[in-house]
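K.L.:
Build me a structure from this.
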Amino acid sequence: MSASSVLLPLRRLSLSTAASTSSIRAPASTRRAFSTTLRRDATWGFIGLGQMGYAMAKNLRAKIPASDTLVICDVRKEITSKFVEETRAAGVADVPGAAPGNVLSVEVAANAREVAEKSETIITSLPEPKHIKDVFHCILKRGPLPQLAQERLFIDTSTIDPASSKEVANAIHTTLTGRFVDAPMSGGVVGARAGTLSFMFGASSKSGALVERVKSVLLMMGQKVWHMGEQGTGVSAKLANNYILAINNIATAEAMNLGIRWGLNPKTLADMINSSTGRCWPSEINNPVPGVVATAPAGRDYEGGFGVSLMKKDLRLAVLAAQESGTPLELAPVAQRVYDATEEANPGKDFSVVYRYLLEKSDKAQ
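P.N.:
Numbers count the residues shown, from 1 in each chain. A predicted model of the protein is given here:
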């Protein structure tokens, strides 16, 4: 199958043409075995240096062998320049055998195609399905990539819908460009910076070497990795998780607002909740009340966290996937209305700012 015939759906950003990759296999003559051991002097690629991607790429550069090269790409030139400056300033003085004055190798690619041409392992971290499709269209539109020593592995850590993920995987697999794995993460910006993210990924269970290679890569950027099943199951698991997160965040904000208005001390209330059945990530790690958790975005005017717009996107994708599978989501419409109103009043803030929205709504009701 030609590259142009599978790229057409990507260019139209069509979900209806997505195909399952479970029956697609490269001919035996073109398949190369996956090695579960990280090679030295390898080249890695990272596309998308947002708040999550930037921290993940820094952790990856710190964990791969010092002799390896990391090729980065982002539409914002100031971000790639900052990444290069910070990485080269760190150097490799503490790496055994490193030459004096040696620096960690980081290159900036002009586009996604250049990243894929040079790299054996390419990681993408982008906001929306359309961004992922645009990136892979850029990679595939000019035909086959040059052959490397190891088969290319594309790991997409973005949170997109299962249909779009399968569509991109189909384009990669049918053109024999490499292997595509969906591996969204959980843990937020705090987890990305600390390297404690949890990844859930979808990849063929028939290739144990592929699964182990994916795990070895993800564990350089996180702490926990779950193989959820075949390609597409990673994003399905992430949307299910973030649906719970969206609801829990609103419930936590409402409960904290309610308790404080009853005269309860917010820290004492939070401590009790986090030792009881109400315990959840929004209450324990990302508590929406300023001052309750020192590291939470609430203490920084709700800056530097998981944006309301991203939560709205994940909710939309969860609803879309639920509709495609005929699954009712009774609380989704209510949650979507709350986040719509929250973003309108507090654009660009962490999604825990829903507490501020509820607080202001309570004050108006008095």
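K.L.:
which intervals of the stretch 101-250 of the chain have sub-threshold pLDDT?
P.N.:
Scanning the stretch 101-250 of the chain for pLDDT under 70 picks out 101-103.
K.L.:
hmm, try it at 50
P.N.:
For the stretch 101-250 of the chain, the stretches flagged by pLDDT under 50 are 101-102.
K.L.:
Is A345 in contact with L359, as I believe?
P.N.:
No: here A345 does not reach L359: they are 10.9 Å apart, not a contact under C-beta atoms under 8 Å. The way it works is simple: take the backbone N, C-alpha and C, and place the C-beta from them, glycine included.
K.L.:
quick one, which of those two is more surrounded?
P.N.:
L359 (18 against 15; other C-beta atoms under 10 Å).
K.L.:
If we ignore the residues flanking it in sequence, what's nearest the more buried one?
P.N.:
Distance criterion C-beta to C-beta, 6 or more residues apart in numbering; nearest residue to L359, sequence neighbours excluded, is N257 at 5.8 Å.
K.L.:
host element of the one you found?
P.N.:
Per DSSP states H and E: N257 is located in helix 233-261.
K.L.:
Quick check: buried residues in that helix?
P.N.:
Using 16 or more other C-beta atoms under 10 Å as the test for burial, helix 233-261 gives 233-239, 241-243, 245-257, 259-260.
K.L.:
Need the three-state assignment for V293.
P.N.:
Assigned by DSSP: H, G, I helix; E, B strand; the rest coil, the conformation of V293 is coil.
K.L.:
Next: F154.
P.N.:
strand.
K.L.:
how close does the residue lying closest to it once chain neighbours are set aside get to V235?
P.N.:
The shortest distance from F154 to any non-neighbouring residue, by C-beta to C-beta, 6+ apart, is to F180 (4.6 Å). To V235, F180 is 12 Å away according to C-beta to C-beta, to the nearest Å.
K.L.:
For the helix or strand just after the helix holding N257, give me every contacting residue.
P.N.:
Using DSSP H and E, the helix or strand that follows helix 233-261 in sequence is helix 266-273. Identification of contacts with helix 266-273 by C-beta atoms under 8 Å, 6 or more residues apart in numbering yields 252, 255-256, 259-260, 279, 283-284, 287, 289, 291-293.
K.L.:
again, but for stretch 334-345
P.N.:
Residues contacting stretch 334-345 (C-beta under 8 Å, 6+ apart): 246-247, 250, 308-309, 311-312, 315-316, 319, 351, 353-354, 356-357, 360.
K.L.:
Off-centre distance for that stretch?
P.N.:
Distance of stretch 334-345 from its chain centroid, counting by C-alpha atoms, centre = their mean, to the nearest Å, is 23 Å.
K.L.:
same question for it, mean pLDDT?
P.N.:
For stretch 334-345, mean pLDDT rounds to 98.
K.L.:
Repeat that for stretch 268-279.
P.N.:
98.
K.L.:
what about stretch 215-226, start to end distance?
P.N.:
Its first and final residues considered, stretch 215-226 spans 8 Å by C-alpha to C-alpha, to the nearest Å.
K.L.:
Next, the buried residues of that stretch.
P.N.:
For stretch 215-226, by 16+ other C-beta under 10 Å, it's K215, S216, V217, L218, M220, M221, G222, V225, W226.
K.L.:
Can you tell me how far the first one is from K206?
P.N.:
The span separating K215 from K206 equals 16 Å under the rule C-beta to C-beta.
K.L.:
same question, the third one
P.N.:
When distance is defined by C-beta to C-beta, V217 is 19 Å away from K206.
K.L.:
got it, and S276?
P.N.:
44 Å.
K.L.:
Secondary structure class of W44, three-state.
P.N.:
Secondary structure state of W44, per three-state DSSP, is strand.
K.L.:
and it, how many residues sit next to it?
P.N.:
Neighbours of W44 (other C-beta under 10 Å): 23.
K.L.:
do the same with G191
P.N.:
The burial count for G191: 20, using other C-beta under 10 Å.
K.L.:
what helix or strand does it sit in?
P.N.:
According to DSSP H and E, G191 maps onto helix 188-194.
K.L.:
same deal with K58?
P.N.:
Residue-wise, K58 maps onto helix 51-63 under DSSP H and E.
K.L.:
gap between whichever helix or strand comes after that helix and the chain center?
P.N.:
Next helix or strand after helix 51-63 toward the C-terminus (DSSP H and E): strand 69-73. Offset of strand 69-73 from its chain centre (C-alpha atoms, centre = their mean): 17 Å.
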